[in-house]
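Colleague: no sequence for this one, just the structure:
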């Protein structure tokens, strides 16, 4: 099975944005919870950065979800 990593990044980015909105959080609030800059969170949600596992874990912790929940919908 071939996986295009760029497509996967975009799918994860969309999922982060979807979950953030479901929880009624702004980009700024989620960034604060993750202790990262708002501009970095905006890039993450736009799929313009290659996420590390550490960053995905920070986001999952801030959203109170598992890493599996984040990537399983992609």
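Modeller: In hand now; what should we look at? Remember, it's a predicted structure, so these values are computed and weren't measured experimentally. Numbers count the residues shown, from 1 in each chain.
Colleague: now do the one helix or strand residue 12 maps to: which elements does it pack against?
Modeller: Of the helices and strands defined by DSSP states H and E, residue 12 is found in helix 5-22. With contacts taken as 3 or more Cβ pairs under 8 Å, 6 or more residues apart in numbering; DSSP states H and E, helix 5-22 sits against helix 38-46, helix 53-63, helix 67-72. Just so you know, the C-beta spots here come from the backbone N, C-alpha and C atoms, and that holds for glycine as well.
Colleague: these: which one's closest to residue 19?
Modeller: Nearest to residue 19, of all those, is helix 53-63, at 5.2 Å by Cβ to Cβ.
Colleague: buried sites along that closest one?
Modeller: 55, 56, 58, 59, 60, 62, 63 (16 or more other Cβ atoms under 10 Å).
Colleague: what sits up against it?
Modeller: Under the criterion Cβ atoms under 8 Å, 6 or more residues apart in numbering, residues 12, 16, 19-20, 23, 30, 33-36, 44, 66-67, 69-71 lie in contact with helix 53-63.
Colleague: now list the buried members of those residues.
Modeller: Buried among the contacts of helix 53-63 by 16+ other Cβ under 10 Å: 12, 16, 19, 20, 30, 33, 34, 36, 44, 70.
Colleague: re earlier: not counting the helix or strand that the helix holding residue 12 is followed by itself, show me its contacts.
Modeller: Using DSSP H and E, the helix or strand that directly follows helix 5-22 along the chain is helix 27-34. Helix 27-34 is contacted from outside by 20, 25, 37-38, 40-42, 45, 55, 58-59, 61-63, using Cβ under 8 Å, 6+ apart.
Colleague: can you redo the residues you listed as TSV with distance to residue 8 and pLDDT?
Modeller: Output for the contacts of helix 27-34, formatted as TSV (distance: Cβ to Cβ, whole Å; pLDDT from 0 to 100):
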residue	distance to residue 8	pLDDT
20	19	97
25	23	98
37	23	97
38	24	98
40	19	97
41	19	98
42	19	98
45	15	97
55	15	97
58	19	98
59	15	98
61	21	98
62	21	98
63	19	98
